[in-house]
Every structure is written in structure tokens, then in C-alpha cells.
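[1] quick one, what's the 3D model for this:
(one chain, ligands or ions: 1)
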Amino acid sequence: MAKVRLATVWLSGCSGCHMSFLDQDEKILELAEKVELVYSPLADIKDFPENVDITLVEGAVANEEQLELLKKIRSCTRILVALGDCAVNGNVTALRNVLKSGREDVLNRAYVENATFNQKIPTQVPRLLERVLALNEVVRVDLYVPGCPPPASLINYVLNELLEGRTPVLENRFKYG
Ligand code: SF4
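    Down below sits the predicted model:
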């Protein structure tokens, strides 16, 4: 039987959600028998593939490169999961949204005001968006798994339910859309 094609994506987050994914410990070996990991920072695959069954997305959308990647992910993925609070609602990644003049303020603060030498805004980085976006501000999200990070047991439960073709039952406050 063909394995379920699973992707995990790291946008603007701290990688803590991926660490929690790895904290499934030996249960991850059981998962590995049922899925094929087709894209992930854990596997260093360069291009997001077609025909992905489940994609877990950690982090919010903070720059133009991530915006385009998320649209591509949506078009290639059957079930898109917002994994963790940054993906669900922006969380700490979106704290910069309170700055009045957006992108320019952020770059100045990081590379000029807080720099002790070589105070210069780099040009070789993806262009920041004016404000950080939660995933559902860009694309349709099929399932929200909140937490900072979501516990490994919750990630394991969600994945196993999806692999069995069931909708994971999360508490009502976790069902946003
Ligand atoms: Fe890190 Fe928490 Fe954001 Fe996950 S939700 S990327 S653990 S800050």
C-alpha cells in the first residue's frame, strides 16, 4: 500500500514546533512506517513537491519568499495543518506588527539601532512583509493545532487520526475555521 506523503515546513518560527514533532520519540518510528517524508527541514529537500497528502506548517508568514511558498504548499497539499501558535495566530512572530511603520522600523531596529558595528540593512535577504500574517490570512487552513509548542502527544494524536482518515477532535476553542 502506498505510504501517505507527509511534508513539514518551517516558516517564521523558532523551530520549537519541529522539536516537539521530534519529541514523539519511539512513536515517530511507528509513524515512519506509514508515511513518506517528502519535504522537511529535517530532510533538506529543496523544492516543495506535488501531491502531498498532509503538510504541517510551523511559523507565521513574515516575508515574500514565505508568502509564495505557502501558496505553493496550499496548491500541492490535500490537508494543510497550522502547527503551533505562530502558524495559528502569529504569536511571538507577530509582535513586530505593533511597530507603526512596519518593515522599515523592524529593519532599522535590528540592523542599525541594536547593532554595535557594521550598522547596515542587508539587501541579500527575502523582503519582509509590512506585517506578519497567520497562515489563514494567506490560504485556507484545514486544521489548527495550537500550542507553543503543541505537545508531542497532541501532534502524534493528530497525525494518527489523519492517517486513519478521521478528523482529530480538538477542544472547541481550538476550532477556528
Ligand atoms: Fe516556536 Fe512557539 Fe512559534 Fe512553535 S508556536 S514556532 S514553539 S514560538
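
[2] near the ligand, which residues of this protein show up?
    Residues of the chain lying close to the ligand (Cβ under 6 Å from any ligand atom) are 13-14, 16-17, 58-59, 84-86, 91-92, 148-149. From N, CA and C alone the C-beta is placed, and that goes for glycine too.

[3] would you turn these into JSON lines with neighbour count and pLDDT?
    Output for these, formatted as JSON lines (neighbours: other Cβ atoms under 10 Å; pLDDT from 0 to 100):
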{"residue": "13", "neighbour count": "24", "pLDDT": "97"}
{"residue": "14", "neighbour count": "17", "pLDDT": "97"}
{"residue": "16", "neighbour count": "17", "pLDDT": "97"}
{"residue": "17", "neighbour count": "26", "pLDDT": "98"}
{"residue": "58", "neighbour count": "27", "pLDDT": "98"}
{"residue": "59", "neighbour count": "27", "pLDDT": "98"}
{"residue": "84", "neighbour count": "29", "pLDDT": "98"}
{"residue": "85", "neighbour count": "24", "pLDDT": "98"}
{"residue": "86", "neighbour count": "29", "pLDDT": "98"}
{"residue": "91", "neighbour count": "20", "pLDDT": "97"}
{"residue": "92", "neighbour count": "14", "pLDDT": "96"}
{"residue": "148", "neighbour count": "15", "pLDDT": "96"}
{"residue": "149", "neighbour count": "24", "pLDDT": "97"}
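
[4] so which of those belong to strands?
    Under the assignment DSSP state E, the residues of the chain next to the ligand contribute residue 58 to strands.

[5] which ones among the residues of the chain next to the ligand map onto helices?
    The helices, defined by DSSP state H, take in 16, 17, 85, 86 from the residues of the chain next to the ligand.

[6] which ones are touching the third one?
    Residues counted as contacts of residue 85 (Cβ atoms under 8 Å, 6 or more residues apart in numbering) are 91, 92, 146, 147, 148.

[7] check the first one too.
    Taking Cβ under 8 Å, 6+ apart as the criterion, residue 16 is in contact with 84, 148, 149.

[8] what about 10 Å?
    Contact partners of residue 16, counting by Cβ atoms under 10 Å, 6 or more residues apart in numbering, are 58, 59, 84, 85, 86, 147, 148, 149, 150.

[9] likewise for residue 78?
    Counted by Cβ under 10 Å, 6+ apart, residue 78 has contacts 4, 5, 51, 52, 53, 54, 55, 142, 162.

[10] what about those, which one has the most neighbours?
    Neighbours here mean other Cβ atoms under 10 Å. Within the contacts of residue 78, the largest count is held by residue 55, at 25 neighbours.
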